[in-house]
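Chemist: my questions are about this predicted structure, shown below with the sequence.
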Amino acid sequence: MEKKRKSLIVSAAAAVLTAGAVCFAAHFYRSAPREDISVGITQREVMLPEISAEGLKGRDSSSEREDTSSRTDESSVPDSIPDNDTAPVDSGSDASSADVPASFIVTGEDDTSSADDSKASVQTVQVPDEATEPAKVTPDGRQADREYFTASIKDGETVSDSTYFFTVTHLADDLEVVRCDVEVNGSLMTGFAGRVRLREGANSLRVSCTYKDGENRIYRAFRDYTVYLSSPASEIVTDLKDCDVYDPVFTFTASCEDGMEVWLNGRTVEGRDVFTVNLNEGENMIKLSSGDTVLDFSVTYIPVRELSLITDLSDITVYSDSITFSAKAVGGNSPKLIVLVNDKALRGESDYTAKLNEGNNKIRLWVRDGKDGFEQTFTVISLPPAAEERLPRFESISLTDGITVKGSAYTLTFRAVDCDGVRLYSDSAEVICGGTKVPRKWEDSTCTGYILSLRAGENAVTVKLKDRAGRISEFFYKINCDAVEKGTEVGRIAVSVKADAVGLGTLCEDDSFPVLEGENGFDTMLRFLEENGFEVSSRGSDSSRYLDRIRMQGRFADAALTEESRAYLAAAGVTPNNSSDADSLGEFDFAPGSGWLYSRNGRKPSYAMSSAVFADGERVTLAFSLDLGNDVGGE
């Protein structure tokens with residue numbers, strides 16, 4: 001019993017000694033000096049030196065972690081900023097003018113008297129977005145203490161490369177950099193190393209930096225930017241063209257350095273460079289797309305059940321020693337085609353190139369399917385190359401070799417004729433720019449028109465003309481493209497808007513109105529009207545927009561048919577109507593054939609303004625017509 005009592009006394013004494021030790025340790029810990037208070041910084045994978053060009057300080061790796069529970073909302077702005085008498089004061093920063101200054105201040109203080117003295121309080125301040133000078137005043141009017149960093153990002157700039165590089169320069173020498181975060185379109189970029197990936201259009205970028213001073217107070221600074229991505233037109237190389245085929249299995253080639261998507265009748269086609277598809281009976285739509293470049297083709301599959309021959313060969317005279325033609329046997333069960341040129345077999349599948357003798361050449365196409373078969377014979381006359389004066393030529397062309405063009409679009413127009421002066425149309429011409437065939441944009445009584453898409457630097461342009469006798473001329477040009485960003489001025493035009501037919505004269509005009517990169521003619525005219533206070537309504541697709549009405553309150557109250565207009569309508573057999581509006585003027589007002597039409601350098605084009613790109617020095621007039629443009633002449 002005595003032994004048990006002594007054991008209990010010893011245990012109690014040990015407990016008392018243990019409790020005393022714990023109390024002493026707690027008191028010692030609370031009273032001990034704190035020369036290095038942990039702020040619990042959590043680093044998100046990548047440290048600042050990987051993205052900074054300069055201004056970095058050495059860091060203690062033990063302080064590169066932050067407790068996420070101590071973070072504040074970096075986008076919030078406090079209602080008031082406490083006086084920060086202990087914060088270091090900087091009289092100004094020497095930020096490089098090439099960098100954009102961070103227009104905000106973030107300060108924090110360590111309150112050692114707080115209940116939880118292991119955490120530093122953090123305050124975040126951002127000055128108004130319109131600030132363009134280094135931030136010196138906080139939103140509540142107090143003097144800010146300094147600039148913390150600059151970034152090489154140019155707020156509001158437009159770039160053409162989706163990979164965007166920039167640097168961050170830290171300005172506070174007495175602060176240690178804890179981390180730098182970058183968000184793109186709301187997503188945090190982990191592993192950030194000085195570059196981000198942009199998407200087409202507007203991109204929001206936020207750069208936010210965290211610092212601490214020698215007393216472990218936390219400072220945060222952030223700034224928002226907007227950077228626009230406008231990718232250049234991608235070049236697609238393909239052998240596709242609008243055509244009729246007689247086999248449901250169709251093969252074509254298409255490639256693009258910038259990547260490309262292919263669709264058949266709205267469905268994605270897998271493949272690379274060479275594509276084989278199964279066509280539906282009738283028309284099939286094939287679309288090639290890369291960035292802003294979209295090419296559409298119509299391929300019509302025509303089933304043939306009876307044994308037939310499909311060929312583009314005909315009796316013809318050529319001025320060369322060879323000829324290329326296509327020929328294919330279709331229908332039946334297993335049709336075969338034998339091609340004989342001057343009684344010698346010619347190998348091939350569907351495309352053939354035959355060497356010719358001078359004079360007459362006989363080409364036989366023999367189709368057979370078992371016991372069934374038939375033959376067609378063609379005569380091709382080969383003559384020596386034609387004299388230069390017998391070759392097709394241009395009566396006029398807007399292009400000269402070696403010119404320099406500002407911007408990515410050039411309007412090519414020409415009028416071609418044969419040796420007898422008979423006009424050649426677009427079916428007798430081929431235009432190739434940068435290795436890609438350019439589709440005809442328009443054709444009217446005066447000329448044939450194309451819009452050339454140019455890349456920065458030198459662009460090779462080839463125009464081929466072929467007359468009805470098979471004589472071919474080729475013309476070669478170089479265009480130097482001075483590439484500019486979208487929205488940059490590329491030229492100036494003289495532009496006017498007239499309503500003479502209803503007695504209002506010239507509504508607005510400008511002898512030197514800027515044309516901007518990326519605009520078509522409709523965009524330019526729309527901007528001109530809006531800058532002069534008019535509202536515009538239009539109809540049609542983006543490639544064929546029609547301006548149907550312009551509006552301005554009270555501007556058209558005095559509109560009325562002039563004596564000349566009444567006389568014209570009477571002579572033309574057109575009955576006026578009473579349709580009009582004091583606040584607008586547009587189609588069907590005053591007469592059933594009325595509306596807005598434009599002229600270009602005194603001529604009325606047969607194509608929509610959205611199909612045009614106005615060039616420097618042109619004269620453009622938008623006129624209100626009462627009779628489909630017949631009453632306003634070229635103007």
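Modeler: Now that the structure is in, tell me what you want to look at.
Chemist: wait, doesn't Phe297 sit right on Leu240?
Modeler: Yes. The pair Phe297 / Leu240 is scored as a contact, 4.7 Å apart, by Cβ atoms under 8 Å. All C-beta atoms are positioned from the backbone trio N, CA, C, and that covers glycine.
Chemist: neighbour count winner among those two?
Modeler: Leu240 (20 against 16; other Cβ atoms under 10 Å).
Chemist: ok but Thr524 is inside a strand, no?
Modeler: No. Assigned with DSSP: H, G, I helix; E, B strand; the rest coil, Thr524 falls outside any strand and is helix.
Chemist: what about it, distance to Ser584?
Modeler: Applying Cβ to Cβ, to the nearest Å, the value for Thr524 to Ser584 is 21 Å.
Chemist: please enumerate the shared neighbours of Phe297 and Leu240.
Modeler: Applying Cβ atoms under 8 Å, 6 or more residues apart in numbering, one finds that Phe297 and Leu240 are jointly contacted by Ile286, Leu288.
Chemist: sorry, back to before: so which of Thr524 and Ser584 has more stuff around it?
Modeler: The residue with more neighbours, out of Thr524 and Ser584, is Thr524; 22 against 19, by other Cβ under 10 Å.
Chemist: tell me where the stretch 501-635 of the chain has helices.
Modeler: Using DSSP state H, counting those that start in this stretch, the helices found in the stretch 501-635 of the chain span residues 521-531, 563-572.
Chemist: and among these, the most buried is which?
Modeler: helix 521-531 (a mean of 20; mean count of other Cβ atoms under 10 Å).
Chemist: average pLDDT across it?
Modeler: Across helix 521-531, pLDDT averages out at 95.
Chemist: now Gly435. Nearest residue, chain neighbours left out?
Modeler: Distances taken as Cβ to Cβ, 6 or more residues apart in numbering place Val237 nearest to Gly435, at 5.9 Å, with adjacent residues excluded.
Chemist: where in this structure is pLDDT low?
Modeler: The chain contains residues with pLDDT under 70 at 1-146, 190-193, 231-234, 292, 542-543, 633-635.
Chemist: how's it carved up into domains?
Modeler: 41-229, 237-301, 308-382, 388-482, 489-625 (automatic domain parsing).
Chemist: now the ones you listed as a markdown table including distance to Asp631?
Modeler: A markdown table is the format used below for the domains of the chain (distance: least, Cβ to Cβ, whole Å):
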| stretch | distance to Asp631 |
| --- | --- |
| domain 41-229 | 43 |
| domain 237-301 | 37 |
| domain 308-382 | 46 |
| domain 388-482 | 19 |
| domain 489-625 | 5 |
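Chemist: nearest to Val632, out of these?
Modeler: domain 489-625 (4.6 Å; Cβ to Cβ).
Chemist: what bridges to Asp627?
Modeler: Bridge pairing for Asp627 (DSSP bridges) gives the partners Gly593.
Chemist: repeat for Val495
Modeler: Asp510, Val620.
Chemist: I'd assumed Met525 was in contact with it.
Modeler: Yes. Counting by Cβ under 8 Å, Val495 touches Met525, with 7.2 Å between them.
Chemist: which neighbours do the two share?
Modeler: Val620, Leu622.
Chemist: quick one: contacts for Ile472?
Modeler: Per Cβ under 8 Å, 6+ apart, neighbours of Ile472: Tyr319, Ser320, Leu391, Pro392, Lys464, Leu465, Lys466.
Chemist: next, format these as JSON lines and append neighbour count.
Modeler: JSON lines is the format used below for these (neighbours: other Cβ atoms under 10 Å):
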{"residue": "Tyr319", "neighbour count": "18"}
{"residue": "Ser320", "neighbour count": "15"}
{"residue": "Leu391", "neighbour count": "18"}
{"residue": "Pro392", "neighbour count": "22"}
{"residue": "Lys464", "neighbour count": "14"}
{"residue": "Leu465", "neighbour count": "21"}
{"residue": "Lys466", "neighbour count": "19"}
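Chemist: out of the helices of the stretch 501-635 of the chain, which gets nearest to Thr253?
Modeler: Nearest to Thr253, of the helices of the stretch 501-635 of the chain and by Cβ to Cβ, is helix 521-531 at 33.9 Å.
Chemist: strands of the stretch 401-550 of the chain, residue ranges please.
Modeler: Counting by DSSP state E, counting those that start in this stretch, the stretch 401-550 of the chain has strands at residues 403-406, 409-417, 423-424, 429-433, 436-437, 442-443, 448-453, 457-466, 472-482, 489-499, 505-516, 535-539, 546-551.
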